[in-house]
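**Student:** Here you go, sequence then predicted model.
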Amino acid sequence: MLKDLSDIESTGKVNLFALKFSHRSKGDNFVVSLPSNQSSYFREQYCSFLRSFAGFECRRFDPVEKKDNTYEFMPLERISEIWKDIVSMIKGSVDFRNSQYRNLLPSVNLTLCELTYKGKTLWLGSQQRKTESLFKGKHPFFATENELKLLSLDKLIALSFNVDFIVDLEDPAMVYIFNRENFVKIFNFYDLLKEHVRAKSEVIKKWTFLNNPVYIQSQVETGYVFKGLARIIDDDKYLKLVETVNPSELKKRLMDKCPDLFSSKD
């Protein structure tokens with residue numbers, strides 16, 4: 001997509017949806033299909049932001065670290081259940097004029113842009129801040145030629161076009177992550193990752209080089225454990241190698257490669 005930004009800016013079509021989306025209070029969730037009169041401006045702003053990633057390396061999501069000048073990707077199936085919830089909301093949305101939630105727009109916390117170009121469809125997601133929090137302690141005025149007019153926060157919505165993630169549904173379906181912190185918040189991703197690692201944690205019992213694999217298994221939900229395990233838990237080839245590693249050989253390799261960190265006493 002980043003190679004097609006010029007084409008997207010000139011010929012792409014966008015439909016923008018504003019959502020209030022919470023994992024806890026799902027009964028309060030809603031979505032509004034925004035009017036199309038500013039579509040060309042929306043498209044320009046998205047493209048302008050994404051151009052800042054030109055030349056960046058696209059790397060597989062690493063739960064332990066994020067390298068500079070990169071954006072990341074992972075299979076969409078890793079967030080599939082929550083993504084299905086979001087898509088279901090969007091499919092049930094009505095147009096702006098007839099939406100019962102139109103007056104609640106200042107409370108949205110997420111926007112999804114359906115972008116189509118050259119027969120391809122992408123979804124661009126951006127975390128939003130509630131209008132009230134943006135103007136906390138402040139009062140917005142509009143300056144005319146002769147006077148100031150107080151703007152009502154009840155009618156004001158401020159949108160960010162910084163793309164946090166892009167969903168590409170083409171097989172194999174992928175999600176591309178441009179802002180890890182916001183992506184994790186939107187999809188509650190670390191909780192999903194914990195569940196994924198826990199579901200596959202039986203493999204730890206086969207790791208003979210551990211003094212107490214059962215204890216490690218019981219700690220899979222702690223940060224330093226689940227993030228590290230998430231790096232390898234789906235790599236069957238690597239896991240087979242781990243199962244056959246000789247403890248003394250492992251110790252020798254660690255001492256050879258990291259003499260500043262390990263000694264023969266470790």
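**Tutor:** Thanks, I have it. Numbers count the residues shown, from 1 in each chain.
**Student:** From here on, just use CA atoms for contacts and neighbour counts.
**Tutor:** Will do.
**Student:** Give me the contact list for the helix or strand hosting K240.
**Tutor:** Here K240 sits within helix 236-243, counting by DSSP states H and E. In this structure, residues lying in contact with helix 236-243 by CA atoms under 8 Å, 6 or more residues apart in numbering are 206-208, 232-233.
**Student:** most neighbours, which of those residues?
**Tutor:** Most neighbours among the contacts of helix 236-243, by other CA atoms under 10 Å: W207, with 20 neighbours.
**Student:** so what's Y238 scoring on pLDDT?
**Tutor:** pLDDT, Y238: 78.
**Student:** how near is it to R231?
**Tutor:** Distance, Y238 to R231, by CA to CA, to the nearest Å: 10 Å.
**Student:** cool, and L210?
**Tutor:** Separation of L210 from R231 (CA to CA) stands at 18 Å.
**Student:** helix, strand or coil for N15?
**Tutor:** Secondary structure, DSSP: H, G, I helix; E, B strand; the rest coil: N15 is strand.
**Student:** try the one 3 residues further on
**Tutor:** Classification of A18 by three-state DSSP places it in strand.
**Student:** Need the nearest residue in space to it, chain neighbours excluded.
**Tutor:** Nearest residue to A18 in three dimensions, chain neighbours excluded: T111, at 4.5 Å (CA to CA, 6 or more residues apart in numbering).
**Student:** How many neighbouring residues does L229 have?
**Tutor:** Residues within reach of L229, counting by other CA under 10 Å, total 20.
**Student:** what about P75, neighbour count?
**Tutor:** Residues near P75, counting by other CA under 10 Å, number 16.
**Student:** Same check on the one 5 residues further on?
**Tutor:** Counted with other CA under 10 Å, the burial measure for S80 works out to 12 neighbours.
**Student:** quick one: it is in a strand?
**Tutor:** No: secondary structure assignment (three-state DSSP) places S80 in helix, not in a strand.
**Student:** Now do the contacts for it.
**Tutor:** Residues in contact with S80 (CA under 8 Å, 6+ apart): none are found.
**Student:** can you tell me how far R198 sits from D62?
**Tutor:** Separation of R198 from D62 (CA to CA) stands at 18 Å.
**Student:** Sorry, wrong one. I was asking about V31.
**Tutor:** Using CA to CA, we find V31 at a distance of 31 Å from D62.
**Student:** which one is M89 nearest to, not counting chain neighbours?
**Tutor:** Leaving aside its chain neighbours, M89 sits nearest to V31 (6.5 Å; criterion: CA to CA, 6+ apart).
**Student:** Hmm, K91 and the one you found touching each other?
**Tutor:** No: between V31 and K91 no contact is recorded; they are 9.5 Å apart, counting by CA atoms under 8 Å.
**Student:** can you tell me the helix or strand for the residue most central in space within the chain?
**Tutor:** Residue closest to the mean C-alpha point of the chain, counted by CA atoms, centre = their mean, is F183 at 2.4 Å. Taking DSSP H and E as the definition, F183 sits inside helix 180-187.
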